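S.K.: turn this into a structure:
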Amino acid sequence: MKILVTGGVGFIGRWVAKQLLKDHKVVALDNLANSSAGNIVDFQGNCKFKFLEADILDRGLIKDAFKEVDLCIHLAAQVNVQESLDYPEKSFVNNVVGTYNILEECRRRDAKLVLVGTCMVYDFTLSRAIDEEHPIKPVSPYAGSKLAAENLVISYYYGYGLPVVILRPFNTYGPYQKSNAEGGVVSIFIRSLLEGKDILVYGNGEQTRDFLYVEDCADFIVRAAFSENAVGEVINAGTGRDISINDLALMICRDGTRIKHVPHHHPHSEIHKLVCDYSKAEKLLGWKPETYLTEGIKRTMNWIRRVNT
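M.R.: Numbering: from 1, shown residues only. This is a model prediction of the structure:
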């Protein structure tokens with residue numbers, strides 16, 4: 001098969017592309033606004049891999065990218081929560097209009113679409129794990145635009161019979177994730193540790209997250225992409241275990257005196273507890289996470305140490 005991965009040079013996208021390249025041709029489409037060409041240096045010279053620098057808002061380039069494409073895994077998005085609060089139009093245009101452009105090309109070619117959404121669309125919970133039937137409450141333009149994109153995608157399934165899958169991975173981390181202010185908390189904490197800086201925790205640090213290692217996430221996405229059972233479905237992926245940000249900081253740093261609490265930059269859009277019920281993914285896809293948090297942190301730390309030396 002020939003598979004188009006939008007956002008294919010990004011953090012998750014490059015791992016998805018790597019897994020797909022074992023058996024398929026891959027076109028990675030990316031505008032490099034939030035990623036680096038260095039992420040795909042391992043694929044250069046592979047005759048089954050092609051990189052196309054393009055934006056999902058450019059209909060002409062998108063049309064060219066879809067030549068002979070059988071399947072599209074759509075990861076390209078505006079993903080920064082604070083940026084979405086500062087510039088909500090950017091989230092709408094990229095995540096809704098961009099997804100519409102991809103959908104239209106999928107419809108034209110009758111190509112299957114896998115939309116990678118976000119767990120940030122869910123309402124908060126104080127106790128139980130979050131399954132796909134959990135109440136929705138997008139508390140930022142980022143989450144709102146991603147949910148709007150999901151609704152648009154599912155409308156093409158019902159309205160046109162287009163084969164689609166909607167995925168909601170929980171907090172993904174690992175090698176190739178940015179470790180600056182735009183990155184994930186695991187990578188940010190590790191980089192601060194390695195640079196001898198304080199570990200900065202927003203708010204009281206009691207908020208919890210379910211951290212999914214990126215290779216497990218890529219495996220989930222690829223399994224869903226090739227599963228007939230997944231068509232028309234919304235599917236979560238996580239580990240089923242959450243950890244507070246305070247405990248995460250201590251796990252990474254091991255020195256409580258270096259952990260400092262600072263005011264939250266968007267407290268009104270914070271979700272206080274995120275833990276995934278991935279039983280649907282296990283039932284439909286035979287998928288379950290393989291990497292424990294301690295091992296994933298170790299691999300991520302080794303990668304960050306290597307690229308920064």
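
S.K.: I figured Ile102 hits Leu29, correct?
M.R.: No - between Ile102 and Leu29 there is no contact, the gap being 9.4 Å when judged by Cβ atoms under 8 Å. Where you see a C-beta, it was placed from the backbone N, CA and C, and this is true even at glycine.

S.K.: which positions in the helix or strand harbouring Ile235 come out as buried?
M.R.: Per DSSP states H and E: Ile235 is located in strand 234-237. Buried residues in strand 234-237, defined by neighbour count with 16 or more other Cβ atoms under 10 Å: 234-237.

S.K.: identify, from those, the entry nearest to Glu68.
M.R.: In terms of Cβ to Cβ, no member of those lies closer to Glu68 than Ile235, at 27.4 Å.

S.K.: residues touching that closest one, list them.
M.R.: Ile235 makes contacts with 132, 165-168, 224, 280-281, 284-285, as judged by Cβ atoms under 8 Å, 6 or more residues apart in numbering.

S.K.: and the residue lying farthest from the centre of the chain, what pLDDT?
M.R.: For the chain, the residue at maximal distance from the C-alpha centroid (Cα atoms, centre = their mean) is Thr257, at 32.1 Å. We have a pLDDT of 93 for Thr257.

S.K.: same question for the one 4 residues further on.
M.R.: Per-residue confidence (pLDDT) for His261: 95.

S.K.: what does Glu270 give?
M.R.: Looking at Glu270, its pLDDT is 75.

S.K.: isn't it up against Gly205?
M.R.: No - if you go by Cβ under 8 Å, Glu270 and Gly205 don't touch, sitting 11.3 Å apart.

S.K.: between those two, which one's more packed in?
M.R.: Gly205 (18 against 15; other Cβ atoms under 10 Å).

S.K.: C-alpha coordinates for stretch 22-37, PDB please?
M.R.: Extracted in PDB, the C-alpha atoms of stretch 22-37 (Å, rounded to 0.1, in the frame of the first residue of the first chain):
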ATOM      1  CA  LYS A  22       8.500  -2.300   7.200                       C
ATOM      2  CA  ASP A  23       5.800  -3.300   4.700                       C
ATOM      3  CA  HIS A  24       4.500  -0.200   2.800                       C
ATOM      4  CA  LYS A  25       5.400   2.900   0.900                       C
ATOM      5  CA  VAL A  26       5.000   6.100   2.900                       C
ATOM      6  CA  VAL A  27       4.600   9.700   2.000                       C
ATOM      7  CA  ALA A  28       5.300  12.000   5.000                       C
ATOM      8  CA  LEU A  29       3.600  15.400   4.500                       C
ATOM      9  CA  ASP A  30       4.700  18.100   6.800                       C
ATOM     10  CA  ASN A  31       5.100  21.900   6.800                       C
ATOM     11  CA  LEU A  32       7.900  21.700   9.400                       C
ATOM     12  CA  ALA A  33       6.300  24.400  11.400                       C
ATOM     13  CA  ASN A  34       6.400  22.200  14.600                       C
ATOM     14  CA  SER A  35       8.900  19.600  13.500                       C
ATOM     15  CA  SER A  36      12.400  19.100  12.200                       C
ATOM     16  CA  ALA A  37      13.700  17.300   9.100                       C
END
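
S.K.: mind listing what's buried in that stretch?
M.R.: 24-31, 34-35.

S.K.: quick one: which of the contacts of Ile235 sit in strands?
M.R.: Among these, the members found in strands (DSSP state E) are 165-168.

S.K.: okay, and the common contacts of Glu270 and Gly205?
M.R.: Common neighbours of Glu270 and Gly205, using Cβ under 8 Å, 6+ apart, do not exist here.

S.K.: just the helices in the stretch 1-150 of the chain please.
M.R.: Secondary structure of the stretch 1-150 of the chain (DSSP state H, counting those that start in this stretch): helices at 11-20, 59-65, 81-86, 88-92, 98-109, 141-160.

S.K.: winner for burial among those helices?
M.R.: Ranked by mean neighbour count, the helices of the stretch 1-150 of the chain are led by helix 11-20 with a mean of 24 (mean count of other Cβ atoms under 10 Å).

S.K.: redo the buried residues of strand 234-237 as a markdown table? Include pLDDT and distance to Asp64.
M.R.: Shown next, in a markdown table, are the buried residues of strand 234-237 (pLDDT from 0 to 100; distance: Cβ to Cβ, whole Å):
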| residue | pLDDT | distance to Asp64 |
| --- | --- | --- |
| Val234 | 98 | 31 |
| Ile235 | 98 | 31 |
| Asn236 | 98 | 34 |
| Ala237 | 98 | 32 |
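
S.K.: farthest pair within those residues?
M.R.: Val234 and Ala237 (11.3 Å).
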